[in-house]
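Participant: any chance you can model this:
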Amino acid sequence: MESATDTFVAHRNLLFTVAYEMLGSAADAEDVLQETWLRWVGVDLTTVRDERAYLVRIVTRQALDRLRAVGRRRESYVGPWLPEPLLTAPDVAEDVELADSISTAMLLVLETLAPIERAVFVLREVFDLPYDEIAEAVDKSSAAVRQIAYRSRTHVAARRPRGRTVSAAESDAALSAFQRAVSTGDLQGLLDILAPDVVALSDGGGVRHALLRPIVGAAKLGRLLAAVWHRRIAGRSFEPIQVNGGPGLLVRENGKVDGVVALRISNGFVTGLYNVRNPAKLSHVERETALSRA
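Facilitator: Have a look, this model is predicted:
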């Protein structure tokens, strides 16, 4: 039991990251880890040649089962469904590939894949697992996995956000400008930082007020933010944080967490705004979540 525990703890951050990238939900990822642990402690470790690969195989299969189940729930979700935001450490942003893979924009793209395609894409493109190892995890032949990997890679490439990698300085500058404009209700300041084709999505889960449809365009979004957010500024604060490896704001009202805004920055402008207010999705925004690809 001690050996099993030590091994599981050593790989826990990796296993959580795999599950989260497959599910887009920290709560579901935690449940998957619990199921993985229960199966792991029942394994005869003398028969396991590669403990890391074995654990990844268990967590992948559990995440696939969970993904198929939650997919049906998400079909009846009220308003846009957004991934559960994570407060992340600076080292996540420094790992460009990891930060990109857990960004809200990328997780929304992964939502358009079939479960098996998502599993293969995550294991191959994010964690660089060999095809044979992925084949064991998803119970497919290596040849089939290669075909699925090609299909999912093409699918994601056609839908992933465009734009060059933004430096930390550019990201910080854009976040500061956005925070300043929102905090003061400065419409011109918002128009200066929002990209002309900016897209905003809001997730209230049917229990908090949120936009039921995306808002597209700087003028429309700027007017909304300047009018609505600024009008409710009493007791409201905007704290800059790292959300899913990128810039964001933790929104509090009278000291209590009211929501999280994740921003996508490209060429110095805010091109995507993702506002999560569903209370069920705000449990991982006040403490950092450790993530790992190793």
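
Participant: helices and strands of this structure: which one has the lowest mean pLDDT?
Facilitator: Least confident helix or strand of the chain, by mean pLDDT, DSSP states H and E, is helix 230-231 with a mean of 64.

Participant: let me know how buried the nearest residue to Ile58 once chain neighbours are set aside is, in neighbour terms.
Facilitator: In space, not counting the residues next to it along the chain, Ile58 is nearest to Thr36; the distance is 4.8 Å by Cβ to Cβ, 6 or more residues apart in numbering. C-beta: built from backbone N, CA, C; applies to glycine. By other Cβ atoms under 10 Å, the residues close to Thr36 number 26.

Participant: let me see the confidence value for Thr36.
Facilitator: Here, the pLDDT recorded for Thr36 equals 98.

Participant: and it, that one's in a strand?
Facilitator: No - under the criterion used here (DSSP: H, G, I helix; E, B strand; the rest coil), Thr36 is helix, not part of a strand.

Participant: wait, doesn't it sit right on Val59?
Facilitator: Yes - counting by Cβ atoms under 8 Å, Val59 is a contact partner of Thr36 at 4.7 Å.

Participant: what touches both of those two?
Facilitator: Leu15 (Cβ atoms under 8 Å, 6 or more residues apart in numbering).

Participant: tell me the helix or strand right after the least confident helix or strand of the chain.
Facilitator: strand 236-243 (DSSP states H and E).

Participant: tell me which residues of that following strand come out buried.
Facilitator: Of the residues in strand 236-243, those with enough neighbours to count as buried (16 or more other Cβ atoms under 10 Å) are 238, 241-243.

Participant: now Thr165: closest residue in space that isn't a chain neighbour?
Facilitator: What sits nearest to Thr165 in space, not counting adjacent residues and going by Cβ to Cβ, 6+ apart, is Val96, at 6.0 Å.

Participant: where does that neighbour fall, phi/psi-wise?
Facilitator: Note on Val96: its backbone torsions stand at phi -60, psi -40 [degrees, to the nearest 10].

Participant: 661 is where my numbering starts, stick with that
Facilitator: Right, with 661 as the first residue, what we last looked at is Val756.

Participant: read off the pLDDT value for it.
Facilitator: Model confidence at Val756 (pLDDT) stands at 91.
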